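Quick one, fold the following:
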Amino acid sequence: MLISTSIDLPGYDIEATLGEVFGLTVRSRNIGAGCVAGLRSIGGGEIPEFTKLLSQSRNEAMARMVEQARLLGGNAIIAMRFDSGAIGQWSEICAYGTAVWAKPVTEYAQQQNAAIISSGATPQQQPYAKNVSEWVPTQP
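Residues are numbered from 1 along each chain as shown. Next up is the predicted model:
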């Protein structure tokens with residue numbers, strides 16, 4: 001599925017706007033990672049345990065957004081954004097955008113579209129194209 005942070009897709013005509021889609025996940029850190037991260041925070045710098053947690057959360061949210069767009073019949077998402085927040089000890093990540101049906105009109109877009117269809121995802125989508133935890137999206 002094509003995903004763009006812009007409101008258009010160069011090389012494609014947007015033939016239908018199918019609606020807003022989003023993917024949401026709320027995660028908590030485990031006690032072990034929390035203790036190690038607490039010790040690391042004393043010295044300053046990056047906390048790899050939290051970076052990994054947020055990366056996994058981002059991938060989960062993206063996968064859920066893509067699935068919702070597929071349920072609506074979309075083949076692309078435009079104006080994609082992330083939002084995040086904290087609820088006590090929990091981290092919330094939301095990926096959202098607009099599901100559309102986009103028709104490739106340039107030769108490059110047609111080649112790109114064929115590659116997406118044959119593999120199921122673009123190369124940058126591989127981290128969240130598979131291995132999403134159990135979750136049943138709501139029907140539109």
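
Enumerate the positions of the longest helix belonging to the chain that are buried.
Secondary structure of the chain per DSSP state H: the longest helix is helix 48-72. For helix 48-72, a neighbour-count test (16 or more other CB atoms under 10 Å) marks 49-50, 53, 56-69, 72 as buried. All C-beta spots, glycine's among them, are computed from the backbone N, C-alpha and C.

How about stretch 87-96?
S91, I93, C94, A95, Y96.

Nearest to L24 among these?
Closest to L24 out of those is C94 (4.8 Å), distances taken as CB to CB.

Does the closest one touch E20 like I think?
No. The criterion here is CB atoms under 8 Å, and C94 misses it with E20 at 11.5 Å.

For G73, grab the count of nearby residues.
12 (other CB atoms under 10 Å).

how about the nearest residue to it, chain neighbours excluded?
Distances taken as CB to CB, 6 or more residues apart in numbering put L18 closest to G73, at 6.1 Å, once the chain neighbours are dropped.

Please apply the same query to S4.
Using CB to CB, 6+ apart, the closest residue to S4 is I78 (5.2 Å).

Direction included, what does the helix or strand hosting the one you found pair up with?
Using DSSP states H and E, I78 falls within strand 76-87. Within its sheet, strand 76-87 is paired with strand 2-3 (parallel), strand 90-104 (antiparallel), according to DSSP bridges.
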